[in-house]
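# model the following, please.
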Amino acid sequence: MENKTQHWLVGIFLAWRSISRGNVGTLVMTILMLSLIFINLIFLTSIINGVTVTANKQIIEAITGEIFIEAKTGDSYLTKAKQIERDLRLITNVQHVSPRTGISTELDFAGKSGSYRGMAINPNKEAAVTTVAQHMVTGRWLTTADTNAIVLGSQIAGKPKGELFAYSLKGVQVGDIITLKFTNGFAKDFNVVGIFDNDFVQADNRFFINQTEHDTLFPNLKDNVTEFGMKLTPNANLAAAVTAINELDISDNVRTWEDAAGITASFTKSFDIVNFIVSFVAIIVAGITIFIVMYVDVINRRKQIGILRAIGITETAIAISYILRAIFYAIIGIILGFIAFKLLIIPLFITKPLHLPIGNVSLSIDNSLLYMRALSILVVAFLGSYIPIQRTLRMRIIDAIWGE
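As a prediction, this is how the structure comes out:
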């Protein structure tokens, strides 16, 4: 035990002497390089996590709610909608319920037309489940008293430089009249009272009309809806709510927002491959950086290492000193990289988020990610220092002293 303690004490002393009396430029550049590598390791992963978080949030808040129920397989509608809604409201942790009726129509405006998907909704109930009503860029949200009124997504109205501008009505404004041509051949004019923009293509390529207006147009479909969207209380158990809904035997299509987020999962998996490659290369670069610094140092100090061995300093103590130096470089690099990431990069993305078709994306960091990336830097620092010093320590003392 005493010998081991001596090895470590001598190793620590030699490492400290080497750091304090070493080349300052080399020290700074090595630490800076490791800091940049650490930032690179967590940056891309944080963006991918941010994309996933933003997309999931948009799906919940702008489209589905946390749970949505569609008609039974083979059916077009859920009948006795009012009774179903009452039953759903009695379920524990169900906070709000919004009945919706899907509409597929052709919209005509000033000689331009296109087929779009819309919803007949109760405006107040929908505003309680999703946040679409909070994203009106012009005009207003629907009211329960509205007749012949419609609100359009920005992708339909013709958002300047929008992703679907070529397929939009190109320039619809609040107050314009739009003709809805339904699949049964019936047509009616609607007044545009508002345009919404969630910064989410899937959400902004829809329109909404009042459910009472839809019931007037299609009285045979009154009390029929195509789906229900639900919002749960904060921190509610999603699986438990789904189980309770299934027990009502309303439909075999009870889905969560996670089911609707499948498209997000598919493209983030593609990003994960890129992230793995970039991270792997960065870790290799970190190892090579440490290896080169240590290898050059070992070559330049081969004679000194030989002398240390000749006067009785053990090989273990010398190896410990080099490994501790590398670990020191890595730890300082990780700390500086973390500080720069927290104080500079994250605030920058908060004030100027990355704008994508799914919304404004900021960085999302998982603590386990930070620990794993930091550990990988420490591991390659150990290997990058251990390999060159072991090669030198295997030399005979006289060869090391004479530089042979």
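# drop to CA atoms for contacts and neighbour counts, all remaining ones
Fine.
# show the contacting residues for Ala374.
Phe38, Ile334 (C-alpha atoms under 8 Å, 6 or more residues apart in numbering).
# sticking with it, tell me its helix or strand.
helix 367-393 (DSSP states H and E).
# can you pull the buried residues of that helix?
370, 373-374, 376-386, 388-389, 392-393 (16 or more other C-alpha atoms under 10 Å).
# show me the protein divided up by domain.
2-59+264-402, 74-251 (automatic domain parsing).
# can you give me the strands for this structure?
67-70, 94-109, 112-121, 136-139, 149-153, 177-182, 187-196, 206-210, 227-232, 253-256, 354-356, 359-361 (DSSP state E).
# just put those in JSON lines and tack on mean pLDDT, distance to Ser279 and mean neighbour count.
Output for these, formatted as JSON lines (pLDDT from 0 to 100; distance: least, C-alpha to C-alpha, whole Å; neighbours: other C-alpha atoms under 10 Å):
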{"stretch": "strand 67-70", "mean pLDDT": "94", "distance to Ser279": "36", "mean neighbour count": "24"}
{"stretch": "strand 94-109", "mean pLDDT": "93", "distance to Ser279": "42", "mean neighbour count": "20"}
{"stretch": "strand 112-121", "mean pLDDT": "92", "distance to Ser279": "42", "mean neighbour count": "18"}
{"stretch": "strand 136-139", "mean pLDDT": "95", "distance to Ser279": "40", "mean neighbour count": "16"}
{"stretch": "strand 149-153", "mean pLDDT": "95", "distance to Ser279": "39", "mean neighbour count": "26"}
{"stretch": "strand 177-182", "mean pLDDT": "92", "distance to Ser279": "52", "mean neighbour count": "19"}
{"stretch": "strand 187-196", "mean pLDDT": "95", "distance to Ser279": "39", "mean neighbour count": "20"}
{"stretch": "strand 206-210", "mean pLDDT": "95", "distance to Ser279": "39", "mean neighbour count": "24"}
{"stretch": "strand 227-232", "mean pLDDT": "95", "distance to Ser279": "38", "mean neighbour count": "24"}
{"stretch": "strand 253-256", "mean pLDDT": "90", "distance to Ser279": "33", "mean neighbour count": "18"}
{"stretch": "strand 354-356", "mean pLDDT": "79", "distance to Ser279": "21", "mean neighbour count": "13"}
{"stretch": "strand 359-361", "mean pLDDT": "81", "distance to Ser279": "21", "mean neighbour count": "20"}
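# looking at these, which is nearest to Lys161?
Lys161 lies closest to strand 354-356 among the strands of the chain, at 12.7 Å (C-alpha to C-alpha).
# quick one: low-confidence ranges for this structure?
1-3, 7, 22, 262-269, 300-306, 308-309, 391-404 (pLDDT under 70).
# what's the longest helix seen in it packed up against?
Ordering each helix of the chain by length in residues (DSSP state H) puts helix 262-300 first. Helices and strands touching helix 262-300, by 3 or more C-alpha pairs under 8 Å, 6 or more residues apart in numbering; DSSP states H and E, are helix 24-58, helix 315-340, helix 367-393.
# can we see that at 10 Å?
helix 24-58, helix 257-260, helix 302-310, helix 315-340, helix 367-393 (3 or more C-alpha pairs under 10 Å, 6 or more residues apart in numbering; DSSP states H and E).
# among those helices, which is the most enclosed?
helix 315-340 (a mean of 21; mean count of other C-alpha atoms under 10 Å).
# okay, the angle between it and helix 367-393?
Interaxial angle of helix 315-340 relative to helix 367-393 (axes from the mean of the first three to the mean of the last three C-alpha atoms, to 10 degrees): 150 degrees.
# before we move on, the earlier item: same list (the domains of the chain) but as CSV, adding distance to Trp257.
Output for those, formatted as CSV (distance: least, C-alpha to C-alpha, whole Å):
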stretch, distance to Trp257
domain 2-59+264-402, 7
domain 74-251, 10
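# between these, which one is closest to Glu66.
When the domains of the chain are ranked by proximity to Glu66 (C-alpha to C-alpha), domain 74-251 comes first, at 5.5 Å.
# give me the distance from that closest one to the chain's centre.
Mean C-alpha position of domain 74-251 versus that of the full chain (C-alpha atoms, centre = their mean, to the nearest Å) differs by 27 Å.
# how about the longest helix of the chain: buried residues?
Quick answer for helix 262-300 (16+ other C-alpha under 10 Å): 264-265, 268, 271, 275, 278-279, 282-291, 293-295, 298-299.
# just stretch 81-97 next, same as before
Ala81, Leu88, Asn93, Val94, Gln95, His96, Val97.
# picking that back up, format the helices and strands packed on helix 262-300 as JSON lines; extra columns: distance to Asp197.
Formatted as JSON lines, these follow (distance: least, C-alpha to C-alpha, whole Å):
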{"stretch": "helix 24-58", "distance to Asp197": "12"}
{"stretch": "helix 257-260", "distance to Asp197": "20"}
{"stretch": "helix 302-310", "distance to Asp197": "67"}
{"stretch": "helix 315-340", "distance to Asp197": "34"}
{"stretch": "helix 367-393", "distance to Asp197": "33"}
